[in-house]
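Student: one predicted model, sequence on top.
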Amino acid sequence: MKNRKALLVIDMQKGSFTSQTPRYDTKGVVSRINTLAQLFRASDFPVFFVQHDGTKMNEFIPNTVEWELLDDLETETTDLFLNKYANDIFYKSKLQSKLNDLNINELFITGCATDFCVESTVQSALTKDYNITVIADGHTTGDRPHLRAKKVIEHYNWVWQNMILTNGKIEVKNFEQIKDELIRH
């Protein structure tokens with residue numbers, strides 16, 4: 001089967017990027033996501049914007065400001081928008097059925113937060129035998145009690161590069177590598 005790619009943009013929502021919850025390199029991550037999204041669209045690959053619906057916890061309630069995507073993210077009417085209800089975006093969402101409908105077998109993963117929703121999604125996608133590429137400089141998080149955000153990101157990029165594979169594969173590549181590969185094809 002030919003590799004059919006999709007870009008996942010996880011939880012790049014206003015409620016996750018506040019003065020109380022600063023994120024590492026937000027401007028750079030948003031810029032890289034915007035460029036990747038343009039390249040995916042130009043290659044006729046879908047772009048998924050995934051937004052956390054925390055109604056159950058009385059936070060990130062759909063159609064509130066904290067639920068909205070960051071203003072600097074560039075979206076198109078052809079993009080797909082999905083709600084998620086747990087760290088793992090596959091959990092009780094429509095993602096799996098949409099990926100099946102579009103014959104997607106290769107996921108490019110970006111977003112927030114590296115150590116929560118991005119990590120859970122990578123783990124889940126791996127057990128579902130997807131080919132996964134994590135954009136090393138396309139995900140972000142905040143400082144944690146015992147570790148700075150930059151080190152959290154470094155750590156997870158290392159973990160993902162050293163995972164035990166299923167039938168799929170996992171690679172961690174930086175934005176420039178991905179951009180060059182997409183432009184060449």
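Tutor: Arrived safely.

Student: low-confidence stretches in the chain?
Tutor: 1-2 (pLDDT under 70).

Student: center of it, which residue is that?
Tutor: Nearest to the geometric centre of the chain sits residue 110, at 3.0 Å (CA atoms, centre = their mean).

Student: what sits closest to that one if chain neighbours are left out?
Tutor: residue 138 (3.9 Å; CB to CB, 6 or more residues apart in numbering). Every C-beta, even on glycine, is put in place using the N, C-alpha and C of the backbone.

Student: let's verify the one you found: helix, strand, or coil?
Tutor: strand (DSSP: H, G, I helix; E, B strand; the rest coil).

Student: next up, the contacts around it.
Tutor: Contacts for residue 138 (CB atoms under 8 Å, 6 or more residues apart in numbering) come out as 29, 32-33, 36, 109-111, 175, 178.

Student: same deal with residue 92?
Tutor: 85-86.

Student: from residue 53, how far out is it?
Tutor: Using CB to CB, to the nearest Å, residue 92 is found at 10 Å from residue 53.

Student: again with residue 97
Tutor: Counting by CB to CB, the gap from residue 97 to residue 53 is 17 Å.

Student: neighbour count winner among the two?
Tutor: Set residue 97 next to residue 53 and count neighbours by other CB atoms under 10 Å: residue 53 wins out with 18 against 9.

Student: what residues do residue 92 and residue 53 have in common as contacts?
Tutor: Common contacts of residue 92 and residue 53 (CB under 8 Å, 6+ apart): residue 85.

Student: what helices and strands are in contact with whichever helix in the chain runs longest?
Tutor: Determined from DSSP state H, the single longest helix within the chain is helix 26-42. Applying 3 or more CB pairs under 8 Å, 6 or more residues apart in numbering; DSSP states H and E, we find helix 26-42 packed against strand 5-10, strand 47-52, strand 106-112, strand 131-140, helix 175-184.

Student: format the ones you listed as TSV; extra columns: distance to residue 64.
Tutor: Formatted as TSV, the helices and strands packed on helix 26-42 follow (distance: least, CB to CB, whole Å):
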stretch	distance to residue 64
strand 5-10	18
strand 47-52	11
strand 106-112	17
strand 131-140	22
helix 175-184	31
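
Student: what's the end-to-end length of stretch 51-62?
Tutor: Using CA to CA, to the nearest Å, the end-to-end distance of stretch 51-62 comes to 9 Å.

Student: could you do stretch 141-160 as well?
Tutor: For stretch 141-160, the end-to-end distance is 16 Å (CA to CA).
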